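> after the sequence you'll find the predicted model.
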Amino acid sequence: MPEVCALDTRSVQSLDFTINRFFMKLFKTSSIVTVRDCQSLFGVDLPSIVLAKRFDKFVDRYGNTSI
(Lines give C-alpha, C1' and ligand atoms only; values in the text may rest on other atoms or scores of the structure.)
Protein backbone atom coordinates (compact mmCIF):
# COMPACT_ATOMS: atom_id res chain seq x y z
CA MET A 1 0.00 0.00 0.00
CA PRO A 2 1.60 3.26 -1.03
CA GLU A 3 1.05 5.81 1.72
CA VAL A 4 2.86 8.91 2.85
CA CYS A 5 4.15 6.87 5.76
CA ALA A 6 4.48 3.32 4.46
CA LEU A 7 3.48 0.77 7.06
CA ASP A 8 4.41 -2.87 6.93
CA THR A 9 1.93 -5.61 7.84
CA ARG A 10 3.31 -5.98 11.34
CA SER A 11 2.85 -2.27 12.09
CA VAL A 12 -0.75 -2.32 10.87
CA GLN A 13 -1.45 -5.39 13.01
CA SER A 14 0.06 -3.57 15.98
CA LEU A 15 -2.29 -0.63 15.40
CA ASP A 16 -5.27 -3.01 15.16
CA PHE A 17 -4.20 -4.66 18.41
CA THR A 18 -3.99 -1.28 20.14
CA ILE A 19 -7.53 -0.33 19.08
CA ASN A 20 -8.86 -3.74 20.15
CA ARG A 21 -7.16 -3.49 23.56
CA PHE A 22 -8.54 0.03 24.02
CA PHE A 23 -12.07 -1.30 23.49
CA MET A 24 -11.40 -4.25 25.80
CA LYS A 25 -10.38 -1.90 28.60
CA LEU A 26 -13.14 0.60 27.84
CA PHE A 27 -15.88 -2.02 28.06
CA LYS A 28 -14.10 -4.24 30.61
CA THR A 29 -14.28 -7.39 28.52
CA SER A 30 -11.85 -9.93 27.16
CA SER A 31 -14.19 -11.14 24.43
CA ILE A 32 -13.09 -10.13 20.95
CA VAL A 33 -16.64 -10.81 19.74
CA THR A 34 -17.98 -8.18 22.14
CA VAL A 35 -15.23 -5.78 21.08
CA ARG A 36 -16.05 -6.24 17.38
CA ASP A 37 -19.76 -5.71 18.10
CA CYS A 38 -19.00 -2.48 19.98
CA GLN A 39 -16.71 -1.27 17.20
CA SER A 40 -19.44 -1.98 14.67
CA LEU A 41 -22.12 -0.21 16.71
CA PHE A 42 -19.93 2.86 17.23
CA GLY A 43 -18.75 2.89 13.61
CA VAL A 44 -15.07 2.39 14.43
CA ASP A 45 -13.02 0.70 11.73
CA LEU A 46 -9.66 -0.87 12.48
CA PRO A 47 -6.64 0.84 10.94
CA SER A 48 -6.14 -2.09 8.56
CA ILE A 49 -9.63 -1.54 7.15
CA VAL A 50 -9.22 2.23 6.94
CA LEU A 51 -5.92 1.88 5.09
CA ALA A 52 -7.38 -0.65 2.66
CA LYS A 53 -10.34 1.66 1.93
CA ARG A 54 -8.02 4.63 1.38
CA PHE A 55 -5.81 2.60 -0.94
CA ASP A 56 -8.81 1.41 -2.97
CA LYS A 57 -10.12 4.97 -3.20
CA PHE A 58 -6.70 6.17 -4.38
CA VAL A 59 -6.48 3.47 -7.03
CA ASP A 60 -10.02 4.17 -8.24
CA ARG A 61 -9.37 7.89 -8.47
CA TYR A 62 -5.85 8.01 -9.87
CA GLY A 63 -5.06 4.52 -11.09
CA ASN A 64 -7.52 4.61 -13.96
CA THR A 65 -6.51 8.01 -15.33
CA SER A 66 -4.12 8.37 -18.23
CA ILE A 67 -1.42 11.00 -18.06
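Cool, the structure landed.
> now the residue minimising distance to the centre of the chain: how far from residue 61?
Centre of the chain computed as the mean C-alpha position; nearest residue by CA atoms, centre = their mean is residue 47, 2.0 Å away. From residue 47 across to residue 61, the span is 21 Å (CB to CB, to the nearest Å). In this view, the C-beta of every residue, glycine as well, is placed from N, C-alpha and C.
> same question, residue 49
From residue 49 to residue 61 the distance is 19 Å (CB to CB).
> so for these two, which sits in the more crowded spot?
Higher neighbour count among residue 49 and residue 61: residue 49, with 13 against 9, using other CB atoms under 10 Å.
> now residue 39: closest residue in space, sequence neighbours ignored.
residue 23 (6.2 Å; CB to CB, 6 or more residues apart in numbering).
> in which helix or strand would I find that neighbour?
helix 9-26 (DSSP states H and E).
> what mean pLDDT does whichever helix or strand comes after that helix get?
With elements assigned by DSSP H and E, the helix or strand that comes after helix 9-26 is helix 32-42. Averaging the model's pLDDT scores along helix 32-42 yields 96.
> other SSEs contacting helix 32-42?
Counting contacts by 3 or more CB pairs under 8 Å, 6 or more residues apart in numbering; DSSP states H and E, helix 32-42 packs against helix 9-26.
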